[in-house]
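Visitor: Take a look and give me a structure for this.
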Amino acid sequence: MATILLIDDNAIASALRANVLATHGHSAQIALDGATGITLAEALRPDLIVLDHNLPDMNGAEVFARLKGLLPATPVIVLSGYDLLPDIYDPAPDAVLVKGDSVQQLPRIIEELLP
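Guide: Residues are numbered from 1 along each chain as shown. Prediction:
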């Protein structure tokens with residue numbers, strides 16, 4: 001079982017993803033903004049992070065950079081409404097999922113990223 005942090009301002013979509021992850025044996029915590037996500041990541045030290053590209057308080061690339069500074073070995077999956085992200089992520093995320101496909105594909109990608 002993995003501990004997964006979901007950082008997304010859409011509470012309904014986050015709850016749906018958390019429920020799907022629970023059916024696959026994972027524990028999910030939800031943060032509804034970037035600042036809370038960074039704080040929770042530091043406290044929880046999750047096995048994997050799912051990060052929305054568009055957040056109300058910070059953009060995803062900014063949150064991603066802070067997370068990688070805190071937890072460089074933790075895989076991060078970025079959720080986007082678009083197939084391609086702007087070239088502002090350095091290093092690149094471990095995976096990018098289009099939001100509409102994320103519920104179905106998320107468990108498979110997590111299995112691929114976690115040992």
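Visitor: Only C-alpha atoms from now on, for both contacts and neighbour counts.
Guide: Fine.
Visitor: mind checking how far the helix or strand hosting Ala18 is from the chain centre?
Guide: Counting by DSSP states H and E, the element that carries Ala18 is helix 11-23. On the basis of Cα atoms, centre = their mean, to the nearest Å, helix 11-23 sits 12 Å off its chain's mean C-alpha point.
Visitor: for the helix or strand following that helix, packing partners?
Guide: Along the chain past helix 11-23, the next helix or strand (assigned with DSSP H and E) turns out to be strand 27-31. Secondary structure elements in contact with strand 27-31, counted by 3 or more Cα pairs under 8 Å, 6 or more residues apart in numbering; DSSP states H and E, are strand 3-7, helix 11-23, helix 34-44.
Visitor: ok, back up a step: what is the helix holding Ala18 packed up against?
Guide: Using 3+ Cα pairs under 8 Å, 6+ apart as the contact criterion, the secondary-structure elements in contact with helix 11-23 are strand 3-7, strand 27-31, helix 102-113.
Visitor: Just send those back as JSON lines, with mean neighbour count too.
Guide: Compiled in JSON lines, these are given as follows (neighbours: other Cα atoms under 10 Å):
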{"stretch": "strand 3-7", "mean neighbour count": "24"}
{"stretch": "strand 27-31", "mean neighbour count": "19"}
{"stretch": "helix 102-113", "mean neighbour count": "15"}
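Visitor: Mind checking what secondary structure the most centrally placed residue in the chain has?
Guide: The chain has Val50 as the residue nearest its centroid, 0.9 Å off, counting by Cα atoms, centre = their mean. Here Val50 is recorded as strand under DSSP: H, G, I helix; E, B strand; the rest coil.
Visitor: Thanks again, I'm all set now.
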